[in-house]
Structures are given as structure tokens and as C-alpha cells.
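S.K.: Sharing a sequence plus its predicted fold:
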Amino acid sequence: MENNLQNISIEQKALSILEKYEGSNNYILKIKKQCESNKKHIPTRSQCEYVINYSNTTPKVAKKWVDIDSYFSKKLVEDNPFIKEPDKIYVEKILIDKDKSYHIWGKVHSGETIHDFWVPKAAIVKQYKENFVEVDYSKYGNRPPLSHQKEAIEKLLKNDKFILADDMGLGKTTSTVIASLESGAKKVLIICPASLKINWEREIRNYTEKSVYICEGKKFEDSDYIIANYDILKNFHDPKDKENSLILKSNFDLIIIDEAHYVSNAQAQRTKIIMDLTKSINKLWLLTGTPMTSRPMNYYNLLKLIDSPVSQNWMAYAIRYCNGYQFRVGSKKVWNVTGASNLEELRERTSRQILRRLKTDVLDLPEKIMTPVYLRLKSKFYEGLMGEYYDWYNNRQEESKSLSIQFTKLMKVRQVIAEEKISTTIELAENILEQGKKVIIFSNFTEPLKKIHEHFGKKSVYLDGSTTKPARQDAVDKFQESDKIQVFCGNMKAAGVGLTLTAAEAVIMNDLSFVPADHSQAEDRAYRYGQKNSVSVYYPIFENTIEGVIYDILDSKKKIIGTVMGDDGTSSDIVEQILNEINNK
């Protein structure tokens, strides 16, 4: 009885509003006319709620045809197979403007009678207005940009929000520094990995005398260019205390985010901070060589940052491009968005706000020659450790379900493999040195790397996570400029990103990461612009160990990102796949 009284109350309220309504919402006027022509007519509950909620809202007159997204157009045809696929809709008025949709008074085809319908905001293709660009490159004669860099500069300047996704080694930093100087921005914030802060400072100083400040710890000073790494952003901005945010108080005109794939995880603290910082920024440029690190969903956050139309509806994106679906876990519904679907369409729909070129597309760089060197390991220590691992995995079923625990348990096994590989790596390196060529050697582990460095002594330089910034740059400079330094020993994470080591013609991966992008980045320390010779990359592999499994899986996962970005990349859930393969051997 109470519900009936509630319903009657809503209906009576709506009828009372309709009786007095003199506004210009055509949908409400249509309902009013129905009631006036038939005194017994009662609006539906949803109509009553609409009248109550929106009778005081004034519609916006548009009177124009607007472009609609191809995905929405296809959906219209699916729902109404008797109409042809439209590319525009006519909007007489926007009756209601909600968070994610418009209530339109208009029509889909010119021959239709005007009527009301709802349209997702993501379906309306924005008429992007590109900025006028005219750059006097003679100002940069000391280090003139190359032709492909000029294209990148002009793309950035034409678009306030943009992703520069050029392949590694094409000079994204140079292009962005020049573009920032030409943009008219007085204050620029650069967010990047800690290992790249000095690179950015050096590149800025190549082109301007403007002040540059590198943030360290909790120190933050005013400057024309401020460079901060991801991990210390929390020291300068607390989303719960925005009034005291040093970054927001600085009123930056432009924010540049380097290695932007670092914000692909929506749950990470740094992603939440960056989303917060960029909400009100007018100019935002993202730089990354791998815009979709493992699956299309990781691409979503980057697209959301630049206000891409495809990012306005998470659910639509998840279903359309991630093969997303819901399933129950107990009483909760959970989304699975680890898949990939309609990738060509995703690439097409995002192409306006992203520039992606490969080295092979724009520069006459030599090819990388990938050479796995298969080996057999004879080690009772390795066999013993693997035996212990399988005993644990089979007998501790609840604990062994955790991928992170599995990964940790295998860490010692990977270290043993890395140490067993030292002699082979040294032998390979010696053969390369005998041919008069320099070599880079990477490892994920400290002890093997130190032993290799000790073997080559004064002929080598060393860089890991503990290396100071001055020593880091000194190691790079010596390797690049000194004939006496022939070997660069680097930790995969610390030295695998941002460095230019084109003096080398060979790279050796002493041991493997579980992440394909780590290897791609490390390989390309030598395979960058300025390299005039072919680069050989050697992967010594113990095929009768878990390393054989790792290498085969990493080598095979190169399709999903390539379809979207036009090049090769990684697949999803690689660590899980590797661990499953190891556990089922």
C-alpha cells in the first residue's frame, strides 16, 4: 500500500508540473500534449521522474549536424537494421546534458521526423581545432632537429593533448623540449622515471638558458622547468589536501609525462596522483615507446589523460576492445578485461591524437640481428632447487596459488642460472672484443654483473641501481667516447632505459626478465639514432631450464600491441603464463 501511495504521489507531482509547464523541452511538451488530449492518460514512472527532475532545465539550441563515432553508428544499425549506417546526426536541441550522455531532440537521417533519443557523449566526435604552427628552426642551429623530429614538434604544437609514441631512439625528448619552447608555456612540469631526470636536464640545457630544477626527496623549488620522478610525486601533492599541493600551486602551463606507460595501472598511487594533477591542465603531452605495455586496457588510462573520445565510457571500451565480460566471485560481480578485440578499429579511432613511427619507418638504421645461443646446463644445485620448488608447489596447494609467491620462490633459481651463465657471457664478449667492437652486457642480478665487470677490469664500466647520478653519466660518457672502455656492464632495470650507448655494436643478455619490454628497451640502448653499424643481440639460453620456457614465451608474444600500434609488442598475463608453463612441465 505504501508503494502505491508513493507511485501516486510521483504521478500527481508530475501531472501538476505538466499542467503549468511552459518550457522548451520538446520531450516534456510531448508528454504534456498526450495528457491534455486524453485526460485519463497517465505518464509512465520513468516519464514522471524525467518531468520532476528536468522541468527546470533549459535545453540548449544547437540546430546542426554533428559527426558521430563509427562504433556508435554500427550499434545504431545493429539495433535498427532497417536504417543505413549514418556518419552524422542532426541535433536540434540538447534537452538534457548528463555526465555520460545527451538527451537529444533531433534525427539520425534527413528524411526522419524530429524526435527525442539518447546519445552517449563518447559517440559525438569532437571537432578538434588544431593550433596554428609556424616554427623558425634556425634558432636551433646548434643542434638542429631532423625531419621526423620536426613532424613530431609540429604535431605536439598543433594539439594541446597528445601522445608521442615514437619508437625508442627517435629523439622524443629532443622533439618535446623544442616543442615546449615553441608552445609559449612559461612553466613546465616534466614527470619521468628517476633514471631519466638528468637526461631531460641535459637536453633542455642544449636549447635554452631557462632555469631547470630537478626535484629530489622532498625539496621543491620554483623554476621554468621542474623535473620530478614518479616515486616522489606524493611528496608534493596529496589528493586529500589539494590546497597545500606544491604542484598545483605552481600553476604549470604544460605537463610532460615521459615513459607514460608507467601510469597504465589505474590502481597505482602514482596513476591516481597524475590523474588528479592533470584534471585542469590545458596542455598535456605523453611520451612513450610502448603505449600499450601488455593489453588494450593498459592503453585506456593514457587515452583518458588526453580526453580521447574512446575513453569516455570505461564499460564500452572494456567490452569493445578488451573482450571484457563479467563473472561472479561469491556475491560480487567482477570484470575480466585481460583480452583484446577490434584492435584495428581501436587504432583507427585513436590515430588523431597519437603519432607513432618506427625507426625503420623514418631512419636508415641497420637491423637488429637477434641470436639465441642455446646451451645445456649441468648443475646439481639447479636441479636441487627446482626439486625443492616442485615439492613446495605440489604440497602447499593454498600457498602456491599465489603468483607473487611462486615468482619469489623462483628468484633463487634465476640467480643460479645467471651465475652459471657468467663464463659463457664472458666468452661471447671476448669474441666480440677481438673483432674490435664494443659490447653491452645486461643482467637482472648484482653478483653476476659485478663478476663480469671484475673480469674485464679497466676495460669496462659498471652501472646498477646504486650508482650515483654523476657516476652514471660518467660511465656513459666514458663508454661512448673512450677507446679504452670496451664493455658496459648494466643492470637491466637501472641501465635498460633512457641511455644512449651507440658506441656498442653488440648486446648480450646474461639472463632474462619476465617482461618483454625490459629486453626491448635494453636492446635499444645500442640500436638508437646515431648507430651507423648493425647491432647483434645475443641471448645465451639454457634450454633445459626454466629459462628455455621464459625465452620461448617472450619470443612468441608479439601480436596484440603490434595490431594497435603498428609494430610488435607484448601479450597479456605473461608472468602467469610463464609460471603455468613451468609448473606443468
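M.R.: Received it, and whenever you're ready, just let me know what you need.

S.K.: next SSE after the helix or strand hosting residue 50?
M.R.: Per DSSP states H and E, residue 50 falls inside helix 45-54. With elements assigned by DSSP H and E, the helix or strand that comes after helix 45-54 is strand 60-67.

S.K.: So which bits of the helix or strand just after that next one are buried?
M.R.: Sequence-wise, the next helix or strand beyond strand 60-67 is helix 70-79, with elements assigned using DSSP H and E. Buried positions in helix 70-79, judged by neighbour count with 16 or more other Cβ atoms under 10 Å: 71-73, 76. Every residue, glycine included, has its C-beta placed from N, CA and C.

S.K.: worst-scoring helix or strand of the chain, pLDDT-wise?
M.R.: helix 560-565 (a mean of 48; mean pLDDT, DSSP states H and E).

S.K.: what's the following helix or strand after it?
M.R.: Tracing the chain C-terminally past helix 560-565 and defining elements by DSSP H and E, one meets helix 574-583 next.

S.K.: what packs against that following helix?
M.R.: If contacts are counted by 3 or more Cβ pairs under 8 Å, 6 or more residues apart in numbering; DSSP states H and E, helix 574-583 sits against helix 403-409, helix 546-556.

S.K.: Tell me which of these is the most buried.
M.R.: Per-stretch averages of neighbours, counted by mean count of other Cβ atoms under 10 Å, single out helix 546-556 among the helices and strands packed on helix 574-583, with a mean of 19.

S.K.: quick one on the thing from earlier: residue 235: which of the buried residues of helix 70-79 is nearest?
M.R.: Sorting these by distance to residue 235 puts residue 71 at the head of the list, at 41.2 Å, by Cβ to Cβ.

S.K.: I figured the closest one was touching residue 349, is that so?
M.R.: Yes. Here residue 71 lies in contact with residue 349, judged by Cβ atoms under 8 Å, at a distance of 7.2 Å.

S.K.: if I look at those two, which residues touch both of them?
M.R.: Common neighbours of residue 71 and residue 349 are listed as residue 310 (criterion: Cβ atoms under 8 Å, 6 or more residues apart in numbering).

S.K.: Around the closest residue to residue 218 other than its chain neighbours, how many other residues sit close by?
M.R.: Taking Cβ to Cβ, 6 or more residues apart in numbering as the measure, residue 218 lies nearest to residue 235, with 4.6 Å between them; neighbours along the chain are not counted. Neighbour count for residue 235, taken as other Cβ atoms under 10 Å: 16.

S.K.: For residue 235, which residues are in contact?
M.R.: With contacts taken as Cβ under 8 Å, 6+ apart, residue 235 has the following neighbours: 215, 217-218, 220.

S.K.: Return the per-residue confidence for residue 404.
M.R.: Residue 404 carries a pLDDT score of 78 in this model.

S.K.: oh sorry, the question was meant for residue 269
M.R.: The confidence metric pLDDT takes the value 88 at residue 269.

S.K.: Residue 244 now?
M.R.: On the pLDDT scale, residue 244 gets 85.

S.K.: Check the one 4 residues further on too.
M.R.: At residue 248, the model reports a pLDDT of 86.

S.K.: and it, what helix or strand is that in?
M.R.: Taking DSSP H and E as the definition, residue 248 sits inside helix 246-249.

S.K.: List of residues touching that helix?
M.R.: The contact list for helix 246-249 (Cβ under 8 Å, 6+ apart) reads 189, 220, 233, 236-237, 242, 277.

S.K.: Tell me which stretches of the stretch 301-450 of the chain form helices.
M.R.: Counting by DSSP state H, counting those that start in this stretch, residue ranges of the helices within the stretch 301-450 of the chain are 314-321, 343-350, 359-362, 380-395, 403-409, 411-420, 422-434, 446-456.

S.K.: Helix 314-321 and the second one, what's the angle between them?
M.R.: Same thing as helix 343-350. Between the direction of helix 343-350 and that of helix 314-321, the angle (axes from the mean of the first three to the mean of the last three Cα atoms, to 10 degrees) works out to 130 degrees.

S.K.: ok and helix 343-350 relative to helix 70-79, angle-wise?
M.R.: For helix 343-350 and helix 70-79, the angle between their directions (the same axes, to 10 degrees) works out to 120 degrees.

S.K.: Dump helix 343-350 to CSV, keeping only the CA atoms.
M.R.: This file holds the C-alpha atoms of helix 343-350, laid out as CSV (Å, rounded to 0.1, in the frame of the first residue of the first chain):
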residue,chain,number,x,y,z
LEU,A,343,42.2,-3.7,-32.4
GLU,A,344,42.3,-2.3,-35.9
GLU,A,345,39.2,-0.2,-35.0
LEU,A,346,40.9,1.0,-31.8
ARG,A,347,44.0,2.0,-33.8
GLU,A,348,41.8,3.9,-36.2
ARG,A,349,39.8,5.7,-33.6
THR,A,350,42.9,6.9,-31.6
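
S.K.: mind listing what's buried in it?
M.R.: With the criterion 16+ other Cβ under 10 Å, helix 343-350 contains buried residues 343, 345-346, 349-350.

S.K.: Over to the first one?
M.R.: The neighbour-count check on helix 314-321 (16+ other Cβ under 10 Å) flags 314, 316-321 as buried.

S.K.: mind exporting that helix as CSV, just the C-alpha atoms?
M.R.: Output of helix 314-321 as CSV, limited to C-alpha atoms (Å, rounded to 0.1, in the frame of the first residue of the first chain):
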residue,chain,number,x,y,z
TRP,A,314,35.1,2.5,-19.5
MET,A,315,32.5,-0.3,-19.9
ALA,A,316,32.1,0.3,-23.6
TYR,A,317,35.9,0.3,-24.0
ALA,A,318,36.3,-2.9,-22.0
ILE,A,319,33.7,-4.8,-24.0
ARG,A,320,34.7,-3.5,-27.4
TYR,A,321,38.5,-3.6,-27.2
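
S.K.: who's in contact with it?
M.R.: With Cβ under 8 Å, 6+ apart as the test, helix 314-321 has contacts from 71, 120, 122, 296-297, 300, 310-311, 324-325, 335, 337, 340-343, 345-346.

S.K.: Do a quick rundown of the helices in the stretch 1-150 of the chain.
M.R.: If DSSP H, counting those that start in this stretch is used as the criterion, the helices of the stretch 1-150 of the chain fall at 2-20, 26-37, 45-54, 70-79, 147-158.
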